[in-house]
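Trainee: how would this look folded up:
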Amino acid sequence: MLQSITPLILTYNEEPNLERTLEQLYWAKRIVVIDSFSSDRTLEILNQYPQVEIYQRRFDTHTIQWNYGLEQIDSEWVISLDADYVLSEAIIQEIRSLFASPHTELLDGYFAPFRYCVFGKPLKGTLLPPRQVLFRKHKAIYIDDGHTQLLRIDGESGTLKSYINHDDRKSLSRWLWAQDRYMQIESQKLFSTPPTQLSLADRLRQQKAIAPIIILPYCLILKGGIWDGWEGWYYAWQRMLAEILLAIRLIELERDKNLKK
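Mentor: Predicted coordinates:
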């Protein structure tokens, strides 16, 4: 039953996104929101939904924030969502069928694929990897991974077939602020980690000059973004800009290291 699943959401000034996410959680008996003291209409929007319980906590890291959220949940199952993650009807029905079938032996966690949206339009090709969003609470803990977090599951995981839409409609200024913040943390990870312990993509990012150059044709041609029209170009430019910010942060770290010698 879907009512055995508690959605967990982190928020900070998510007025442009939040209502679309909450509308697709109509099935939830209880929704736990960890808010980092938003200053826009986020709290006003949350208070319009009676099943929402709000906990406010000053943000330090995503990992600590997510684990704090897990502490507030008493159901067996959790579905963790960013405030711009919109469940499709297809994935809601897939989860409903999964839990309703007496012949299905449930695993301990499930990954979901994502479709990146630009101004509400889902793109055909993006760089978003599947994320483990549905899991048994007592089997899970979040751990740090660069600028973001990973969910560690003590058990077996599977993958859902249907998509979650990543539909972020915050302003460009807010996106730039967030990306620069993320890249400061990501650059520290890349700078301090030996290449042998990194993926091929991260080893290319360590080189600084390579990733910003190849990301545009990768998004447009190899991932098919050119067929998405101007939205595909918008996404490709976003990813290129993010890689440029990361390269600049890595250069700064190298400069600071040299100055200390």
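Trainee: where along the stretch 151-261 of the chain do the helices fall?
Mentor: 172-192, 200-206, 210-217, 230-260 (DSSP state H, counting those that start in this stretch).
Trainee: Now do the longest one: distance to the chain's middle.
Mentor: Averaging C-alpha coordinates over helix 230-260 and over its chain gives two centres that are 19 Å apart (CA atoms, centre = their mean, to the nearest Å).
Trainee: Quick check: buried residues in it?
Mentor: 231-233, 235-236, 238-247, 249-250, 253 (16 or more other CB atoms under 10 Å). Every C-beta, even on glycine, is put in place using the N, C-alpha and C of the backbone.
Trainee: Packing partners of that helix?
Mentor: strand 114-118, helix 172-192, helix 200-206, helix 210-217 (3 or more CB pairs under 8 Å, 6 or more residues apart in numbering; DSSP states H and E).
Trainee: Now do it and strand 114-118, the angle between them.
Mentor: Helix 230-260 runs at 100 degrees relative to strand 114-118, counting by axes from the mean of the first three to the mean of the last three CA atoms, to 10 degrees.
Trainee: Hey, what's the angle from helix 230-260 to helix 172-192? Just curious.
Mentor: Using the same axes, to 10 degrees, helix 230-260 lies at 50 degrees relative to helix 172-192.
Trainee: Report the mean per-residue pLDDT for helix 230-260.
Mentor: Helix 230-260 comes out with an average pLDDT of 92.
Trainee: try stretch 202-209
Mentor: In the prediction, stretch 202-209 has an average pLDDT of 92.
Trainee: Use 16 as the first number for this chain going forward.
Mentor: Fine by me, first position is 16 from now on; the one you just mentioned is stretch 217-224.
Trainee: what about residue 50, distance to residue 113?
Mentor: Relative to residue 113, residue 50 is positioned 30 Å away (CB to CB, to the nearest Å).
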